[in-house]
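Visitor: Fold the stuff below for me.
(3 chains)
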Amino acid sequence: MPGLLSIDALLIAACCWLAIGLAGLLAPRNFFFISKTLFPLGALVGVLVGLLALASLGQRPEVAVLAIGLPDLPFHLRLDKLNAIFALLLGFASVGISVFAAGYFRKGEGAAPGLLCFWYHLFLASMLMVLLADDAYAFMVAWEGMAMSSYFLVTTDHQHAEIRRAGYLYLLVAHLGAIAILLSFGVMTSGSGDYSFAGMRAQHLSPMWASVAFLLALLGFGAKAGLVPVHVWLPEAHPAAPSPVSAMMSGVMLKTAIYGLLRVSFDLVGSPLWWWGVVAMSVGLVTALFGVLYSTVQSDMKRLLAYSSIENIGLIVVGIGLTLIFHSYHMETLAALSLTAVFFHCLSHASFKSLLFLTTGSVLHATKERSLGRLGGLIHRMPWVAWLALFGVVASAGLPPLSGFVSEWLLLQAFLFSPGLPHPWLNMLVPVAAAVVALVAALAGFTMVKFHGIIFLGQMREENLKDAHDAGPWEKFGLVWLALLGLFMGIFPSTVIAVIDGATRQLLGTGLAEQVREHGWWMLAPISPERASYQPLILLIIITAAVLLGRQLVHRLYHGRLRRSPAWDCGYFFQSSRAQDTAEGFSQPIRRIFEPLFRMRRHFPTIRDEKPYYSVEVEDPFWHWLYLPVARLTQAISLLIARLQGGRIAVYLLYSFLTLILLLLVARP
Amino acid sequence: MISISGLIGQLFAIVLGLVLAPLLSGWVGMCRAWFQNRSAPPLFQPYYTLHKLFRKDVVLAHGASSLFRTAPFVIFGCMLAASAIIPSLSTDLPLAPAADTIALVGVFGLARIFISLAAMDVGTSFGTLGARREMLIGFLAEPALLMVIFTTALISQSTSLTTIVETLAHRDFVIYPSLAFAGIAFTFVSFAENARVPVDNPATHLELTMIHEAMILEYSGRHLALIEWAASLKLYAYSCLGLALFFPWGVAGSDNFIGLVAAIPVLLLKLGIGGVLLAGIETVNAKMRIFRAPEFLGTAFLLAVLGLLVRLLLETRV
Amino acid sequence: MTALLPFSTQLINLFASVILLLAFSMLAQRRVLPLINMFALQGATLCLSTLVVAFTTGQAHLYWSAGLTLLLKALLLPWILHRLVRRLNVKWDVESLINIPTTMLVGIVLVMIAFNVALPISQLSETVSRGTLGIALATVMLAFLMMITRTKAIPQVVGFLAMENGLFLAATSATYGMPMVVELGIALDVLVGAIILGVFFFQIREQFDSLDIRHLEKLKEN
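Guide: Numbering: from 1, shown residues only, chains lettered A, B, ... in the order given. As a prediction, the model looks like this:
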């Protein structure tokens, strides 16, 4: 259709999602219709969204105005390079998740699937609207829509008390964040009454007000993204939600918060100050370290992944902080390098974290167990899921040749070439920050080995695991889709960077694409090959060639004979599944080294116990330091105020009388 | 551009690595025996061991999965790739741009993950013990190694190994104290990563003291042979990495065939001296408790950070 | 990156780095005898560094300073300390108030602070060894940290003596040494201080039957 802009097409896609959701409401219990027709349709719309976003990265920004909204403030929408990347992420990630969900929801389980379909597609549509919004009102409406629909998705199994509690906590923190975001928008309009983003861009804020806006935005968007200390909802909400919902929240929703932060700090506020970058980097480092340490000691597989998401968001915010520092000192090439790392990590995290959450969904489906202490040995029954989870594990640990390594590599390169900053303190702190990033990446490897090893490898810790079945065809398709995305991004990073470059150029003024394109699509050399280069395809070819050649040579020169026997185990007779590590046991070294940072409740067996047992629970310390005191204070204040409600009618009438007298005295002519 | 001498040099480097790695392990074993006043096994003993292991059948536990069977090949492939990238003989390696030092650390990490997962596969207590200890050592050694790389990269303004070697080898002799710090830190890290005393005893037979050995308890036949070969390749790769970062003299430049041939005895001499020193340090020290290992690696990390700070203070004119 | 520094500056930088390394390893030491030996080594390196400065700049009094350092810090004081250790019959492990990794982390932070403070000052100086002012300041601070975090008496004394090492390095690097009178005075103070502390140790041990300084906390009002 001539004249159909990409933004219009995207709006149509959002409406399609809404329509699919509403269609689900028409026949809420018709299971086959919903899961085999509506969810795949939603996936197709997702492909459309992704392709449209990809196409729009080569075009100029487009704006649109919708007639709905307030009388003098209609919805302004805009599609530029920045939100095109996140729309691309949304589209392609949702394909895999929707197709998985088509196979995941089984008959007779939990809530009516029609309702689930409605909330799910409303969630997708509102996320797309958040990305497209170009004024504060549209943004907040879409943001709240996102929060609402995800709340209902999280509390799908609302019969259980802890799921209700998790949903409540989620809603509470989401609203705290929303208030902060609203205040930040308010500061940015600086009283002019023009709430559109274009108007905010035109304002020139004094450094103090700009800092206030930035810090409010960091708090508000950080509450949705899961930055410490407003992260407490994440480890509760993700395990409570069904797995496709967790995957969507962790893979895509957290990135909308990152989008908001990027939009505010680079686009709306104007020129950032260097200390904003230091604040962002410190918050990011603390978040990353906290997330990875706590993920190491978890015994519930979804909580482990939730804390791991916190860690990755921390790393992304570290990249944002670094970009802010470089940008404020006008070192644009390095800023482009770290911003590219941020975008790349967003894309790659969306693919591998969703993949991991979806595999836990398959495991949960097959075994009905969430606790790591009751799993094990599932690779024999679920080989597809196990090998695809291995993909996710290698990517999550940041290892070549997959996508997780590329963003880490880019970030470390940005750190490495930073001495040269005019500020001597920063010059010394930045390399040490790089060391903390390296520590976080290494610990992530530990967590992922624990995750994969305890769930899929070893012996089965419970008898009923023998009945586990592998994933169905829909689920397999979704998992393979996400794994291929991660593989593609890992093997062809230059292509992906060339795609991302438009957004970097828009925000900073320079990009990496020329240097990257110069050296061919197989090499990634952001500055020059003498400085640093990485050819993932060649590396993969070398390793694969060595593996295949080695295997052929060995079988040719020697033989390929094989015998089965019981495990050697140094001759020990007792080889039951109880002898291998539990989840707590595997993480014991970490607990011991970092003991002051954990808040643990332990029970040690004593001589007098009839049934001796050892148990350890690691609790989130921020509950006790921050949330419980604040909650107690709030309760104390509200108790004080509740005294006003004495119950006697005479007292209430007295209040009105006193107010009347006061007003008469004050408003005396 | 890829030249013929570059291709020959690359292939030669790979073959040399494959051949020399067991020889290096044998040499270190001989020196250890001499220091401990024992009679030494023959120099080519590792080759005989490999041949014996390849000839034997693989005995696989009932619970072992396909991951267990593919892991030795993957580990061997990673180590081979690592030794192909490090410039031990010449800097004219067509495959060298495939990975810089950070990617090299990543490749080592990939091998470590696979062997830990394989150790957890059979489901015995020793396997999981070895896996958890190996990941513990790994997670501390990696940041220390990265800090060492940072220091050397700051001096040569690059993380590409060929550039580092060329910069340091062809510069006039300058004393870099920061390199000394980084070198000591690198030695600590390579002891931890290659499972040497004082972190892990490669010749122990007490299961509760094992780290590396505990992970390969269930392997036999050709799988075990590949893993042993990969371990000696790892030692070879680390030694060549250390030589490339800290003692790069003697490595040939590009398009220099005579230099390539002349670099072989230099490499052999450097590796020989390194082997003697390694055996000496192993003999003088006792294996430390597993929970001293984090302190050991923490010291390495802090030394590397110190080297970085000294570099920023002393060697740059701000 | 380095417009090639003259060879003497490189040597001085090397020796200064060794002194810093020794200060750090004294901080991380677990046993008393290696601690004293490292202190002796630090004194010897200091002497070598002063000799190089003296040779490069031709200032004769620095030769005397170097000799004094060698005599006092590398030979006499370690001998006194060794004798003390033997007579008190103590060869314990060094206990510290906070564990060793945390101590080293705090040490790194102190090094960063010292380097940052010294950078503008060293840019004003004209000497050939001005880069080492930061290292000298760092050595002083690390020695101070060692005094704070040790619970037994002898490591505290070693910390006090190591502080003087750092001060001497600072003087040499910034201003080519102190006037001879000042230097002799400081040397005498340090020597006398060590002797008096030695006497005190015997008294402490008489009183409390141990050299753990936490026992001294009993000497308070209530």
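Visitor: residues near C:L105, how many?
Guide: For C:L105, the neighbour count with other C-beta atoms under 10 Å in any protein chain shown is 15. Any C-beta I mention is one placed from the backbone N, CA and C, and that applies to glycine too.
Visitor: and the closest residue to it other than its chain neighbours, what does it touch?
Guide: Spatial nearest neighbour of C:L105, chain neighbours left out: B:L302 (7.5 Å); criterion: C-beta to C-beta, 6 or more residues apart in numbering or on different chains. Counting by C-beta atoms under 8 Å, 6 or more residues apart in numbering or on different chains, B:L302 touches C:F24, C:M104, C:L105, C:G107, C:I108.
Visitor: what separates the first one from B:G307, distance-wise?
Guide: Relative to B:G307, C:F24 is positioned 11 Å away (C-beta to C-beta, to the nearest Å).
Visitor: So those two - more neighbours on which side?
Guide: Neighbour tally, C:F24 and B:G307, criterion other C-beta under 10 Å: the higher count belongs to B:G307, 29 against 22.
Visitor: Now the one helix or strand that one maps to - C-alpha only, PDB.
Guide: Here B:G307 sits within helix B:293-314, counting by DSSP states H and E. In PDB, the C-alpha atoms belonging to helix B:293-314 read as follows (Å, rounded to 0.1, in the frame of the first residue of the first chain):
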ATOM      1  CA  ALA B 293      43.400 -21.200  47.100                       C
ATOM      2  CA  PRO B 294      41.000 -18.200  46.900                       C
ATOM      3  CA  GLU B 295      43.500 -16.200  49.000                       C
ATOM      4  CA  PHE B 296      46.300 -17.300  46.700                       C
ATOM      5  CA  LEU B 297      44.400 -16.200  43.600                       C
ATOM      6  CA  GLY B 298      43.200 -13.100  45.400                       C
ATOM      7  CA  THR B 299      46.900 -12.200  45.900                       C
ATOM      8  CA  ALA B 300      47.500 -12.800  42.200                       C
ATOM      9  CA  PHE B 301      44.600 -10.500  41.400                       C
ATOM     10  CA  LEU B 302      45.700  -7.800  43.700                       C
ATOM     11  CA  LEU B 303      49.300  -8.000  42.300                       C
ATOM     12  CA  ALA B 304      47.900  -7.600  38.800                       C
ATOM     13  CA  VAL B 305      45.900  -4.500  40.000                       C
ATOM     14  CA  LEU B 306      49.000  -3.200  41.600                       C
ATOM     15  CA  GLY B 307      50.900  -3.600  38.400                       C
ATOM     16  CA  LEU B 308      48.200  -1.700  36.600                       C
ATOM     17  CA  LEU B 309      48.300   1.200  39.100                       C
ATOM     18  CA  VAL B 310      52.100   1.300  39.000                       C
ATOM     19  CA  ARG B 311      51.800   1.500  35.200                       C
ATOM     20  CA  LEU B 312      49.400   4.400  35.400                       C
ATOM     21  CA  LEU B 313      51.600   6.200  37.900                       C
ATOM     22  CA  LEU B 314      55.100   5.600  37.000                       C
END
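Visitor: what does chain C put close to chain B?
Guide: Residues of chain C that fall close to chain B, judged by C-beta under 8 Å from any C-beta of the partner chain: C:1-5, C:10-11, C:13-14, C:16-18, C:20-21, C:24, C:28, C:100-101, C:104-105, C:107-108, C:111-112, C:115, C:118-119, C:123, C:131-132, C:134-135.
Visitor: now with 7 Å?
Guide: Taking C-beta under 7 Å from any C-beta of the partner chain as the criterion, chain C approaches chain B at residues C:1-4, C:10-11, C:13-14, C:17, C:21, C:24, C:28, C:100-101, C:104, C:108, C:111-112, C:115, C:119, C:131, C:134.
Visitor: restrict those to contacts with chain A.
Guide: Counting by C-beta under 7 Å from any C-beta, C:M112, C:F115, C:L119 from the residues of chain C next to chain B sit close to chain A.
Visitor: What is the neighbour count of the residue in chain C positioned nearest to chain B?
Guide: Nearest to chain B, among the residues of chain C, is C:S17, at 3.4 Å (C-beta to the nearest C-beta). When neighbours are counted by other C-beta under 10 Å, C:S17 registers 24.
Visitor: Distance check, it against C:L197.
Guide: Distance of C:S17 to C:L197, given as C-beta to C-beta: 30 Å.
Visitor: now B:Y176, nearest residue through space, not along the chain?
Guide: Per C-beta to C-beta, 6+ apart, closest to B:Y176 is B:I155, 6.3 Å.
Visitor: For the one you found, identify the helix or strand it belongs to.
Guide: Here B:I155, judged by DSSP H and E, is contained in helix B:125-156.
Visitor: Name the next helix or strand downstream of that helix, please.
Guide: Later in the chain than helix B:125-156, the nearest helix or strand by DSSP H and E is helix B:161-169.
Visitor: could I have that following helix exported to CSV, CA atoms only?
Guide: What follows is helix B:161-169, C-alpha atoms only, in CSV (Å, rounded to 0.1, in the frame of the first residue of the first chain):
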residue,chain,number,x,y,z
LEU,B,161,48.8,-11.3,20.8
THR,B,162,50.8,-10.7,17.6
THR,B,163,50.8,-7.0,18.2
ILE,B,164,51.9,-7.4,21.8
VAL,B,165,54.8,-9.7,20.8
GLU,B,166,55.9,-7.4,18.1
THR,B,167,55.8,-4.3,20.3
LEU,B,168,57.6,-5.8,23.2
ALA,B,169,60.2,-7.8,21.2
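Visitor: ok, and does the helix or strand just after it reach over to chain C?
Guide: Sequence-wise, the next helix or strand downstream of helix B:161-169 (DSSP H and E) is helix B:177-193. Yes. On the criterion C-beta under 7 Å from any C-beta, helix B:177-193 is in touch with chain C at B:P177, B:A180, B:F181.
Visitor: Can you name the residues bridging to A:R563?
Guide: B:V59 (DSSP bridges).
Visitor: for it, what are its contacts?
Guide: A:R563 makes contact with B:D57, B:V58, B:V59, B:L60 under the criterion C-beta atoms under 7 Å, 6 or more residues apart in numbering or on different chains.
Visitor: any idea how far A:L562 is from the first one?
Guide: Using C-beta to C-beta, one obtains 7 Å as the distance from B:D57 to A:L562.
Visitor: shaky segments in the stretch 101-250 of chain A?
Guide: A:107-111 (pLDDT under 70).
Visitor: got the residue ranges for the helices in it?
Guide: For the stretch 101-250 of chain A, the helices defined by DSSP state H, counting those that start in this stretch cover A:113-132, A:136-154, A:161-189, A:197-202, A:207-225, A:234-240, A:243-248.
Visitor: Mind putting those helices into TSV with mean neighbour count and distance to chain B?
Guide: Formatted as TSV, the helices of the stretch 101-250 of chain A follow (neighbours: other C-beta atoms under 10 Å in any protein chain shown; distance: least, C-beta to the nearest C-beta, whole Å):
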stretch	mean neighbour count	distance to chain B
helix A:113-132	26	33
helix A:136-154	22	32
helix A:161-189	18	30
helix A:197-202	17	37
helix A:207-225	21	25
helix A:234-240	25	22
helix A:243-248	28	23
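Visitor: Please give me every residue in contact with the residue of chain C closest to chain B.
Guide: Counting by C-beta under 7 Å, 6+ apart, C:S17 touches B:P177, B:A180, B:F181, B:V310.
Visitor: Please, which helix or strand holds it?
Guide: Per DSSP H and E: C:S17 is located in helix C:7-27.
Visitor: Send me that helix as PDB with only the CA atoms.
Guide: Output of helix C:7-27 as PDB, limited to C-alpha atoms (Å, rounded to 0.1, in the frame of the first residue of the first chain):
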ATOM      1  CA  PHE C   7      67.900   4.300  32.300                       C
ATOM      2  CA  SER C   8      68.500   5.600  35.800                       C
ATOM      3  CA  THR C   9      64.900   6.600  36.200                       C
ATOM      4  CA  GLN C  10      63.900   3.100  35.100                       C
ATOM      5  CA  LEU C  11      66.100   1.500  37.700                       C
ATOM      6  CA  ILE C  12      64.800   3.800  40.400                       C
ATOM      7  CA  ASN C  13      61.200   3.000  39.400                       C
ATOM      8  CA  LEU C  14      62.100  -0.700  39.500                       C
ATOM      9  CA  PHE C  15      63.500  -0.400  43.000                       C
ATOM     10  CA  ALA C  16      60.500   1.600  44.100                       C
ATOM     11  CA  SER C  17      58.200  -1.000  42.800                       C
ATOM     12  CA  VAL C  18      60.100  -3.700  44.600                       C
ATOM     13  CA  ILE C  19      59.700  -1.700  47.800                       C
ATOM     14  CA  LEU C  20      56.000  -1.400  47.200                       C
ATOM     15  CA  LEU C  21      55.700  -5.100  46.500                       C
ATOM     16  CA  LEU C  22      57.600  -5.800  49.800                       C
ATOM     17  CA  ALA C  23      55.300  -3.500  51.700                       C
ATOM     18  CA  PHE C  24      52.300  -5.400  50.300                       C
ATOM     19  CA  SER C  25      53.700  -8.800  51.000                       C
ATOM     20  CA  MET C  26      54.500  -7.700  54.600                       C
ATOM     21  CA  LEU C  27      50.900  -6.800  54.900                       C
END
